[in-house]
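>>> Sequence and predicted structure below; questions after.
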Amino acid sequence: MASSNDHDPLDAGTADLSGLCVLVVEDSWHIGIALKSLLCSLGADVDGPVATTAEAERLIAAQVPDAAIVDFNLRGGELAYELIEKLNEVGTRVILVTG
């Protein structure tokens, strides 16, 4: 049983992301930088932003993130189906965004 002092950064409702590694995959530079800034202000360690699945896979190979924020429509018309599948296979929680 978890005590009231235990901290799971992925629990809903928490604003403290300390110790959580988040991958940001976003081809819009402004949105990617804004997401990174927000996540860092909440204590997360952020990989990215990156704009392609190839760049994301390179980061995943170096360190499997705890969570990922992934834009579905990436640079050059690339879709994130395979990247999301790979993240699911390694146990990374995925938040899918698109605009």
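In hand now; what should we look at?
>>> Give me the below-cutoff pLDDT ranges for the protein.
Per-residue confidence for the chain (pLDDT under 70) gives these ranges: 1-14.
>>> And stretch 53-62, what's buried?
Going by neighbour count (16 or more other CB atoms under 10 Å), the buried part of stretch 53-62 is 53, 55, 56, 57, 59, 60. C-beta: built from backbone N, CA, C; applies to glycine.
>>> quick one: secondary structure of the last one?
Classification of residue 60 into helix, strand or coil gives helix, according to DSSP: H, G, I helix; E, B strand; the rest coil.
>>> residues contacting it?
Shown in contact with residue 60 (CB atoms under 8 Å, 6 or more residues apart in numbering): 23, 86, 87, 90, 92.
>>> Same check on the fifth one?
Counting by CB under 8 Å, 6+ apart, residue 59 makes contact with 23, 47, 48, 50, 65.
>>> and the buried residues of stretch 53-62 as TSV, adding distance to residue 36?
As requested, those are exported to TSV (distance: CB to CB, whole Å):
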residue	distance to residue 36
53	18
55	14
56	14
57	19
59	13
60	17
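>>> Pull the most distant pair out of the residues you listed.
Across these, no pair lies farther apart than 53 and 59, at 10.7 Å, counting by CB to CB.
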